[in-house]
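# Got a sequence here, can you model it:
(one chain, ligands or ions: 1)
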Amino acid sequence: MTDPNAYIPPEVWSPPQNESGRFSGINRPEAGARFEAELPRGRHPLQLYSLATPNGQKVTIMLEELLAAGVKEAEYDAHLIRIMEEAQFSSGFVAINPNSKIPAMVDYSEPTPVRVFESGAILLYLAEKFGRFLPADRAARTEALNWLFWVQGSAPFIGGGFGHFYAYAPTKQEYPINRYTMETKRLLDVLDRRLAEETYLGGTEYGIADMAAWPWFAGLMENRVYQAAKFLDAERYTHVRRWVDEVGARPAVQRGIIVNSTNGDEAGQLHERHDASDIDAALAARQAG
Ligand SMILES: N[C@@H](CCC(=O)N[C@@H](CS)C(=O)NCC(=O)O)C(=O)O
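Down below sits the predicted model:
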């Protein structure tokens, strides 16, 4: 039977007019800058341009973990990029990330400033630069990278697939929701089985694979993204639950996840981070509120 509402693709696609999905207003089929504007620059060697989404939080968790481990050279300025206001399409941002997505970073401590984009590449860059949170031994390093790349490759099915069709699409449609729920639950099961056999994703040591995965999976379990924990029956993944709690209790994680945040109670938001005291103040405001 043919569905009378089924979409019949034209011979050549053209962008829809007046679509009402969450990101429809900012999406275009062309890359590149949409307007001229330089990026701000603070006083620290590392300049981060980001927003507190799961992809952004990965990097601020890593930076806070480095600082907590005593790596003073990891001091950073975190500038807010408001993606719904199209700040990722400024000429300055596109020059450091031609893909126009947060997070992106510039390291001015190198003889020639180094740009780094893609959250996984930023985690790897920082781990290698400071020799932390990634084992040196080839086998252990490879296993940690296996899981880092697993998260990087899998998260778009959670965010762009499941989250988009479950929470953001203008209408709820069964086919895409089934498809991406199936995949999201399969990924939760992959993670659960891994964490049944090892304490952390990479193995015995906490590291960049955990930092990459935690914001996505903790976000799902704790309803910080998509309000879907019940729908996904997330609590049945008991090993994921154990790891979400354990990693979430780390002070550096609690500090990192609020950097560049624009949600929640206004006093507890932290649009920019230029000093450790910025985070202290936002955490204190959250506790008081
Ligand atoms: N693979 C990228 C994905 C980054 C990404 O999707 N960023 C989103 C926010 S979480 C973004 O900037 N979206 C803006 C846009 O699509 O215009 C990474 O891991 O860094």
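# and the helix or strand encompassing Met62, which residues are buried?
Per DSSP states H and E: Met62 is located in helix 54-68. For helix 54-68, the neighbour count (16 or more other Cβ atoms under 10 Å) marks 54-67 as buried. The C-beta positions use only the backbone N, C-alpha and C, and glycine is treated the same way.
# Run through the stretch 101-250 of the chain and note the low-pLDDT ranges.
For the stretch 101-250 of the chain, no stretch is flagged by pLDDT under 70.
# Enumerate the residues of this protein near the ligand.
Ile26, Thr53, Asn55, Ile83, Gln88, Ser100, Lys101, Ile102, Pro103, Glu118, Ser119, Gly120 (Cβ under 6 Å from any ligand atom).
# Let's have those in CSV, adding secondary structure and distance to Gln152.
Output for the residues of the chain next to the ligand, formatted as CSV (DSSP: H, G, I helix; E, B strand; the rest coil; distance: Cβ to Cβ, whole Å):
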residue, secondary structure, distance to Gln152
Ile26, coil, 23
Thr53, coil, 15
Asn55, helix, 10
Ile83, helix, 19
Gln88, helix, 19
Ser100, coil, 18
Lys101, coil, 13
Ile102, coil, 15
Pro103, coil, 13
Glu118, coil, 8
Ser119, helix, 7
Gly120, helix, 4
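# Among the residues you listed, which one has the most neighbours?
When neighbours are counted by other Cβ atoms under 10 Å, Ser119 leads the residues of the chain next to the ligand with 29 neighbours.
# What separation do you get for that one and Thr53?
10 Å (Cβ to Cβ, to the nearest Å).
# next one: Asp278
19 Å.
# Nearest spatial neighbour of the spatially most central residue of the chain, chain-adjacent residues omitted?
Closest residue to the average C-alpha location of the chain: Asn55 at 1.1 Å, with Cα atoms, centre = their mean. Nearest non-adjacent residue to Asn55, counting by Cβ to Cβ, 6 or more residues apart in numbering: Ser119, 4.7 Å away.
# wait, what's in contact with that neighbour?
Asn55, Gly56, Lys58, Val59, Pro103, Gln152, Ala212 (Cβ atoms under 8 Å, 6 or more residues apart in numbering).
# Report the backbone C-alpha coordinates of whatever helix or strand Ala121 lives in in PDB.
Taking DSSP H and E as the criterion, Ala121 maps to helix 119-130. In PDB, the C-alpha atoms belonging to helix 119-130 read as follows (Å, rounded to 0.1, in the frame of the first residue of the first chain):
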ATOM      1  CA  SER A 119      36.600  17.200  19.500                       C
ATOM      2  CA  GLY A 120      38.500  13.900  19.200                       C
ATOM      3  CA  ALA A 121      41.500  15.500  17.500                       C
ATOM      4  CA  ILE A 122      41.600  18.200  20.300                       C
ATOM      5  CA  LEU A 123      41.600  15.500  23.000                       C
ATOM      6  CA  LEU A 124      44.300  13.600  21.300                       C
ATOM      7  CA  TYR A 125      46.300  16.800  20.700                       C
ATOM      8  CA  LEU A 126      46.200  17.800  24.400                       C
ATOM      9  CA  ALA A 127      46.900  14.200  25.500                       C
ATOM     10  CA  GLU A 128      50.000  14.100  23.300                       C
ATOM     11  CA  LYS A 129      51.200  17.600  24.100                       C
ATOM     12  CA  PHE A 130      51.000  17.100  27.900                       C
END
